[in-house]
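*Asks:* task: produce atomic coordinates for the following.
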Amino acid sequence: MRDPHLALALLGVATGLMTGLAKEKAMTWVLAIAASIAAAMAFPFHGVVAEQALAVTWALLILTAGASLLPQWIRRLHLPPILGGLSGWAAGSIGVASGKDAIGSFAAGLVLSVIVAALLAKRGWTLPIRIGAGWLIAIGALNATLTILPVTPGYLPDHLE
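*Replies:* Numbers count the residues shown, from 1 in each chain. I've put the predicted structure just below:
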């Protein structure tokens, strides 16, 4: 759960689902996300604590997946580019802090999910996208709350208690 690869891959999938629903503007927003990743890699936050960065990533995952569940008229209010830019910035910052290979998991999740979501949205099949977004919200909430809960006996292996 504290693996940046998993967090960034799921954040990429959530961003791709949200971006793919845009149909005609999806590729423009993907380019904006790529630009924010490049900016975050060029000007990283120094002294970013891994736990805080992962908590921000899980929160962004919940917000981004939740934006996929909003009605179309709300999504047209420039919510996807803002959340996509923040997701890209988080991916770049965590990627610089944990190693550049973590950005690849964000990019893979983003590209695959935006293609699938755009194809589904073009046909008018938004239910699978919304089901996937609901699943991502649940996973993000679970991971975000498990990191702040106190450790109970039996949660960790015996040599760590």
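
*Asks:* which ones are touching the nearest residue to G132 once chain neighbours are set aside?
*Replies:* Counting by C-beta to C-beta, 6 or more residues apart in numbering, L17 is the residue found nearest to G132 once chain neighbours are left out, at 5.7 Å. To be clear about C-beta, it is placed using only N, CA and C from the backbone, and glycine gets the same treatment. Going by C-beta atoms under 8 Å, 6 or more residues apart in numbering, L17 touches A65, S68, S113, V114, A117, I129, G132, A133, L136.

*Asks:* name the nearest residue to the fifth one, ignoring sequence neighbours.
*Replies:* Yep, that's A117 we're talking about. Counting by C-beta to C-beta, 6+ apart, the nearest residue to A117 once its immediate chain neighbours are dropped is G20, at 2.4 Å.

*Asks:* so how far is L110 from the residue nearest to G132?
*Replies:* According to C-beta to C-beta, to the nearest Å, L17 and L110 sit 10 Å apart.

*Asks:* one step back: are any of the contacts of L17 buried, and which?
*Replies:* Buried members of the contacts of L17, scored by 16 or more other C-beta atoms under 10 Å, are A65, S68, S113, V114, A117, I129, G132, A133, L136.

*Asks:* among those, which ones are in helices?
*Replies:* In helices, defined here by DSSP state H, the members of those are A65, S113, V114, A117, I129, G132, A133, L136.

*Asks:* would you turn these into JSON lines with distance to S105 and pLDDT?
*Replies:* Shown next, in JSON lines, are those (distance: C-beta to C-beta, whole Å; pLDDT from 0 to 100):
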{"residue": "A65", "distance to S105": "17", "pLDDT": "89"}
{"residue": "S113", "distance to S105": "12", "pLDDT": "88"}
{"residue": "V114", "distance to S105": "15", "pLDDT": "84"}
{"residue": "A117", "distance to S105": "18", "pLDDT": "87"}
{"residue": "I129", "distance to S105": "21", "pLDDT": "89"}
{"residue": "G132", "distance to S105": "17", "pLDDT": "92"}
{"residue": "A133", "distance to S105": "19", "pLDDT": "92"}
{"residue": "L136", "distance to S105": "15", "pLDDT": "92"}
